[in-house]
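[1] give me the fold of what follows.
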Amino acid sequence: MIIKEFIKASEEVIKEIRQLEIACKDYDKLTGDILFVCEPQSLDGKAVIKKLKASYEFTEYSLKYNQLNAIHPNQYSHKVELYKPDLQDSKILIDLRQQIFNDSYKDDETMVTKNFESQFRHQYLLIYDKEFVGIGGVSSEQDGAYIFGFGIMPKYQGKGFRKVMLELMLKDLIEQDIKKIMIDVNSENAKAFNLYKKYGFEVQTEFEYFRKKV
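    Got it, this is the predicted structure:
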(Lines give C-alpha, C1' and ligand atoms only; values in the text may rest on other atoms or scores of the structure.)
Protein backbone atom coordinates (compact mmCIF):
# COMPACT_ATOMS: atom_id res chain seq x y z
CA MET A 1 0.00 0.00 0.00
CA ILE A 2 1.07 3.58 -0.66
CA ILE A 3 0.77 4.65 2.99
CA LYS A 4 3.02 1.80 4.18
CA GLU A 5 5.60 2.66 1.55
CA PHE A 6 5.48 6.33 2.60
CA ILE A 7 5.95 5.43 6.26
CA LYS A 8 8.87 3.21 5.35
CA ALA A 9 10.39 6.00 3.23
CA SER A 10 9.99 8.49 6.09
CA GLU A 11 11.70 6.12 8.52
CA GLU A 12 14.55 5.68 6.04
CA VAL A 13 14.98 9.47 5.88
CA ILE A 14 15.28 9.61 9.68
CA LYS A 15 17.88 6.83 9.63
CA GLU A 16 19.91 8.69 7.01
CA ILE A 17 19.80 11.89 9.07
CA ARG A 18 21.04 10.00 12.15
CA GLN A 19 23.94 8.60 10.11
CA LEU A 20 24.75 12.06 8.83
CA GLU A 21 24.81 13.38 12.40
CA ILE A 22 27.28 10.70 13.46
CA ALA A 23 29.53 11.35 10.50
CA CYS A 24 29.37 15.13 10.77
CA LYS A 25 32.24 16.85 12.59
CA ASP A 26 29.93 19.75 13.51
CA TYR A 27 27.46 17.46 15.25
CA ASP A 28 26.48 20.08 17.83
CA LYS A 29 25.29 22.41 15.08
CA LEU A 30 22.61 19.99 13.85
CA THR A 31 19.11 20.54 15.21
CA GLY A 32 18.12 16.86 15.18
CA ASP A 33 14.48 17.66 14.40
CA ILE A 34 12.22 17.04 11.41
CA LEU A 35 9.13 19.17 10.85
CA PHE A 36 6.19 17.44 9.16
CA VAL A 37 3.30 19.35 7.55
CA CYS A 38 -0.10 17.69 7.25
CA GLU A 39 -3.60 18.73 6.21
CA PRO A 40 -6.12 18.00 9.01
CA GLN A 41 -8.34 15.98 6.67
CA SER A 42 -5.51 13.77 5.42
CA LEU A 43 -6.02 10.34 6.97
CA ASP A 44 -2.88 8.96 5.35
CA GLY A 45 -0.84 11.89 6.61
CA LYS A 46 -2.19 11.51 10.14
CA ALA A 47 -1.34 7.80 10.03
CA VAL A 48 2.26 8.62 9.12
CA ILE A 49 2.49 11.20 11.90
CA LYS A 50 1.15 8.70 14.42
CA LYS A 51 3.50 5.96 13.22
CA LEU A 52 6.52 8.25 13.56
CA LYS A 53 5.32 9.54 16.97
CA ALA A 54 5.78 13.17 15.95
CA SER A 55 4.50 15.83 18.37
CA TYR A 56 2.02 18.53 17.37
CA GLU A 57 3.51 22.04 17.19
CA PHE A 58 0.93 24.42 15.73
CA THR A 59 -1.59 24.98 12.92
CA GLU A 60 -1.07 27.53 10.16
CA TYR A 61 -4.15 29.14 8.61
CA SER A 62 -4.47 30.88 5.26
CA LEU A 63 -7.31 33.41 5.43
CA LYS A 64 -9.18 35.23 2.67
CA TYR A 65 -10.90 38.58 3.14
CA ASN A 66 -14.67 38.63 2.61
CA GLN A 67 -15.86 42.23 2.52
CA LEU A 68 -19.48 41.17 3.02
CA ASN A 69 -18.62 39.83 6.48
CA ALA A 70 -16.37 42.73 7.47
CA ILE A 71 -17.27 45.09 10.28
CA HIS A 72 -17.71 48.79 9.56
CA PRO A 73 -14.51 50.83 9.86
CA ASN A 74 -13.88 53.05 12.85
CA GLN A 75 -13.53 56.80 12.88
CA TYR A 76 -9.83 57.55 13.17
CA SER A 77 -8.04 60.26 15.04
CA HIS A 78 -6.50 62.91 12.80
CA LYS A 79 -3.20 61.91 14.42
CA VAL A 80 -3.27 58.50 12.66
CA GLU A 81 -1.77 58.13 9.19
CA LEU A 82 -0.94 55.19 6.91
CA TYR A 83 2.35 55.98 5.21
CA LYS A 84 4.01 54.20 2.27
CA PRO A 85 7.78 54.37 2.88
CA ASP A 86 10.46 54.63 0.21
CA LEU A 87 14.10 53.55 0.09
CA GLN A 88 15.29 56.40 2.31
CA ASP A 89 13.11 55.00 5.11
CA SER A 90 15.00 51.66 5.14
CA LYS A 91 16.63 52.25 8.53
CA ILE A 92 13.26 53.07 10.11
CA LEU A 93 11.77 49.86 8.72
CA ILE A 94 14.72 47.77 9.94
CA ASP A 95 14.56 49.29 13.43
CA LEU A 96 10.81 48.67 13.68
CA ARG A 97 11.14 45.07 12.50
CA GLN A 98 13.83 44.40 15.12
CA GLN A 99 11.66 45.71 17.94
CA ILE A 100 8.49 43.99 16.75
CA PHE A 101 9.75 40.63 15.47
CA ASN A 102 13.05 40.27 17.41
CA ASP A 103 14.93 39.25 14.26
CA SER A 104 18.63 39.86 13.67
CA TYR A 105 19.71 43.12 12.04
CA LYS A 106 21.10 41.23 9.05
CA ASP A 107 17.85 39.31 8.47
CA ASP A 108 15.75 42.47 8.73
CA GLU A 109 18.08 44.42 6.47
CA THR A 110 17.86 41.65 3.86
CA MET A 111 14.06 41.53 4.09
CA VAL A 112 13.60 45.30 3.77
CA THR A 113 16.07 45.48 0.85
CA LYS A 114 14.31 42.65 -1.01
CA ASN A 115 10.94 44.30 -0.46
CA PHE A 116 12.15 47.51 -2.10
CA GLU A 117 13.84 45.62 -4.94
CA SER A 118 10.64 43.77 -5.80
CA GLN A 119 8.05 45.53 -7.96
CA PHE A 120 5.39 43.25 -6.49
CA ARG A 121 5.94 44.12 -2.81
CA HIS A 122 4.79 47.24 -1.00
CA GLN A 123 5.37 48.30 2.58
CA TYR A 124 3.30 50.35 5.01
CA LEU A 125 4.00 52.29 8.19
CA LEU A 126 1.39 53.41 10.69
CA ILE A 127 2.10 56.81 12.20
CA TYR A 128 0.39 58.12 15.31
CA ASP A 129 1.11 61.60 16.64
CA LYS A 130 4.31 61.74 14.52
CA GLU A 131 5.60 58.42 15.90
CA PHE A 132 5.97 55.15 14.04
CA VAL A 133 3.57 52.66 15.57
CA GLY A 134 3.27 49.69 13.20
CA ILE A 135 4.55 48.02 10.08
CA GLY A 136 3.02 45.87 7.36
CA GLY A 137 3.63 44.65 3.85
CA VAL A 138 1.67 43.49 0.81
CA SER A 139 2.80 41.12 -1.91
CA SER A 140 0.85 41.58 -5.12
CA GLU A 141 0.32 38.51 -7.30
CA GLN A 142 -1.86 37.66 -10.28
CA ASP A 143 -4.65 36.28 -8.13
CA GLY A 144 -4.61 39.02 -5.51
CA ALA A 145 -2.65 40.54 -2.62
CA TYR A 146 -1.07 38.86 0.40
CA ILE A 147 -0.53 40.76 3.64
CA PHE A 148 2.72 39.89 5.43
CA GLY A 149 5.07 41.22 8.11
CA PHE A 150 2.21 42.82 10.01
CA GLY A 151 2.99 44.02 13.54
CA ILE A 152 2.72 46.80 16.13
CA MET A 153 5.46 48.27 18.31
CA PRO A 154 5.49 46.67 21.80
CA LYS A 155 4.68 49.89 23.67
CA TYR A 156 1.60 50.47 21.48
CA GLN A 157 0.23 46.94 21.61
CA GLY A 158 -3.15 46.42 23.25
CA LYS A 159 -4.31 49.94 22.40
CA GLY A 160 -6.26 49.22 19.22
CA PHE A 161 -3.57 50.18 16.71
CA ARG A 162 -3.53 46.72 15.10
CA LYS A 163 -7.23 47.17 14.24
CA VAL A 164 -6.65 50.65 12.88
CA MET A 165 -3.71 49.61 10.72
CA LEU A 166 -5.53 46.56 9.38
CA GLU A 167 -8.57 48.66 8.45
CA LEU A 168 -6.45 51.29 6.71
CA MET A 169 -4.48 48.69 4.77
CA LEU A 170 -7.69 46.94 3.68
CA LYS A 171 -9.17 50.29 2.67
CA ASP A 172 -6.11 51.06 0.54
CA LEU A 173 -6.19 47.65 -1.17
CA ILE A 174 -9.93 47.84 -1.85
CA GLU A 175 -9.50 51.31 -3.39
CA GLN A 176 -6.97 49.70 -5.76
CA ASP A 177 -9.78 47.33 -6.81
CA ILE A 178 -7.95 44.26 -5.50
CA LYS A 179 -10.53 41.49 -5.29
CA LYS A 180 -8.61 38.85 -3.36
CA ILE A 181 -6.81 39.72 -0.11
CA MET A 182 -5.08 36.97 1.86
CA ILE A 183 -3.19 36.72 5.15
CA ASP A 184 -1.51 33.84 6.98
CA VAL A 185 -1.50 33.31 10.74
CA ASN A 186 -0.72 30.40 13.03
CA SER A 187 -2.59 29.09 16.04
CA GLU A 188 0.07 30.39 18.43
CA ASN A 189 -1.13 33.91 17.65
CA ALA A 190 -4.73 33.56 18.81
CA LYS A 191 -5.32 37.31 19.19
CA ALA A 192 -4.36 38.03 15.59
CA PHE A 193 -6.35 35.04 14.32
CA ASN A 194 -9.50 36.21 16.10
CA LEU A 195 -8.97 39.79 14.95
CA TYR A 196 -8.67 38.77 11.30
CA LYS A 197 -11.84 36.68 11.51
CA LYS A 198 -13.65 39.62 13.12
CA TYR A 199 -12.65 41.84 10.22
CA GLY A 200 -14.04 39.53 7.56
CA PHE A 201 -11.25 37.03 6.94
CA GLU A 202 -12.31 33.40 6.48
CA VAL A 203 -10.19 30.25 6.68
CA GLN A 204 -9.36 28.86 3.24
CA THR A 205 -6.72 26.27 4.06
CA GLU A 206 -4.99 24.99 7.18
CA PHE A 207 -1.90 22.91 7.78
CA GLU A 208 -0.83 21.22 10.99
CA TYR A 209 2.85 21.07 11.90
CA PHE A 210 4.39 18.18 13.83
CA ARG A 211 7.95 17.81 15.14
CA LYS A 212 9.92 14.58 15.26
CA LYS A 213 13.13 14.45 17.26
CA VAL A 214 15.83 12.30 15.72
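[2] pairing partners for the longest strand along the chain, with directions?
    Using DSSP state E to define each element, the chain has its longest strand at strand 201-213. Listed by DSSP bridges, the sheet partners of strand 201-213 and their directions read strand 33-38 (antiparallel), strand 55-65 (antiparallel).
[3] now what about the last one, what contacts it?
    In this case it means strand 55-65. 35, 40, 170, 180-188, 193, 196-197, 199-212 (C-beta atoms under 8 Å, 6 or more residues apart in numbering). The way it works is simple: take the backbone N, C-alpha and C, and place the C-beta from them, glycine included.
[4] out of those residues, which end up buried?
    170, 181-183, 185-186, 193, 196, 199-201, 207-210, 212 (16 or more other C-beta atoms under 10 Å).
[5] ok, and what's touching stretch 143-162?
    So stretch 143-162 is contacted by 96-97, 99-101, 111, 123, 126, 128, 132-139, 165-166, 169, 173, 178-184, 192, 195 (C-beta under 8 Å, 6+ apart).
[6] and if we set it to 7 Å?
    With contact meaning C-beta atoms under 7 Å, 6 or more residues apart in numbering, stretch 143-162 is reached by 96, 99-101, 126, 128, 133-139, 169, 173, 178-183, 195.
[7] which residue ranges form the helices in the protein?
    Counting by DSSP state H, the chain has helices at residues 2-23, 43-52, 90-101, 105-117, 161-175, 190-198.
[8] now these in TSV, with mean pLDDT?
    As requested, these are exported to TSV (pLDDT from 0 to 100):
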stretch	mean pLDDT
helix 2-23	49
helix 43-52	87
helix 90-101	95
helix 105-117	94
helix 161-175	92
helix 190-198	91
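[9] now the ones you listed as TSV including distance to Y83?
    Listed next are those as TSV, based on distance: least, C-beta to C-beta, whole Å:
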stretch	distance to Y83
helix 2-23	47
helix 43-52	44
helix 90-101	10
helix 105-117	15
helix 161-175	10
helix 190-198	22
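[10] domain parsing for this structure?
    2-59+209-213, 71-198 (automatic domain parsing).
[11] output the ones you listed as JSON lines; include the columns distance to Y65.
    Shown next, in JSON lines, are those (distance: least, C-beta to C-beta, whole Å):
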{"stretch": "domain 2-59+209-213", "distance to Y65": "20"}
{"stretch": "domain 71-198", "distance to Y65": "4"}
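[12] about what we covered before: just the buried ones among the contacts of strand 55-65 now: which is nearest Y105?
    N186 (24.6 Å; C-beta to C-beta).
[13] what pairs with that closest one across the strands?
    Here N186 sits in beta bridges with E60, as judged by DSSP bridges.
[14] list the contacts of it.
    When the contact criterion is C-beta under 7 Å, 6+ apart, the partners of N186 are 58-61.
[15] just the buried members of those?
    With burial judged by 16+ other C-beta under 10 Å, the buried subset of those is 59-61.
[16] any chance of JSON lines for the residues you listed, columns distance to K46?
    Below are the buried ones among the contacts of N186 laid out as JSON lines (distance: C-beta to C-beta, whole Å):
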{"residue": "T59", "distance to K46": "13"}
{"residue": "E60", "distance to K46": "16"}
{"residue": "Y61", "distance to K46": "18"}
